[in-house]
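Q: Mind looking at a prediction? Sequence and model below.
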Amino acid sequence: MWAIQTDGDIQYFNKKSEVDEYLDEHDEDCRVIELDVPQKVTYIY
């Protein structure tokens with residue numbers, strides 16, 4: 001999963017191609033973040 005962070009706004013995408021498409025359409029400073037979303041959360045005490 002991917003996220004694009006712009007000024008006070010975060011957009012989420014499932015595919016890298018969607019990220020590239022968004023960047024092509026929006027010409028602004030932003031940060032692309034690759035999210036490693038775990039399938040399940042494990043708590044360690």
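A: Sure, I can see it.
Q: Tell me where the model's unsure across the chain.
A: For the chain, the stretches with pLDDT under 70 are 37-43, 45.
Q: mind listing the strands for it?
A: With DSSP state E applied, the chain shows strands at 2-6, 9-13, 31-34, listed in chain order.
Q: What's opposite the nearest residue to Tyr12 once chain neighbours are set aside in the beta bridge?
A: Once flanking residues are discounted, Tyr12 sits nearest to Ala3: 5.3 Å by C-beta to C-beta, 6 or more residues apart in numbering. In this view, the C-beta of every residue, glycine as well, is placed from N, C-alpha and C. Residues in a beta bridge with Ala3, per DSSP bridges, are Tyr12, Ile33.
Q: What is the burial count for Ala3?
A: For Ala3, the number of neighbouring residues by other C-beta atoms under 10 Å comes to 15.
Q: OK, contacts around it?
A: Under the criterion of C-beta atoms under 8 Å, 6 or more residues apart in numbering, the contact list for Ala3 reads Ile10, Gln11, Tyr12, Phe13, Val32, Ile33, Leu35.
Q: coming back round to it: now render the strands of the chain as CSV, adding distance to Val19.
A: CSV is the format used below for the strands of the chain (distance: least, C-beta to C-beta, whole Å):
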stretch, distance to Val19
strand 2-6, 5
strand 9-13, 5
strand 31-34, 6
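Q: hey, which of these is tucked in deepest?
A: Burial among the strands of the chain, expressed as mean neighbours by mean count of other C-beta atoms under 10 Å, is greatest for strand 2-6, which shows a mean of 16.
Q: what angle sits between that one and strand 9-13?
A: Strand 2-6 runs at 160 degrees relative to strand 9-13, counting by axes from the mean of the first three to the mean of the last three C-alpha atoms, to 10 degrees.
Q: So what's the gap between strand 2-6 and the chain middle?
A: Once both centres are worked out by C-alpha atoms, centre = their mean, to the nearest Å, strand 2-6 turns out to sit 4 Å from its chain's centre.
Q: Please consider this matter closed, and thank you.
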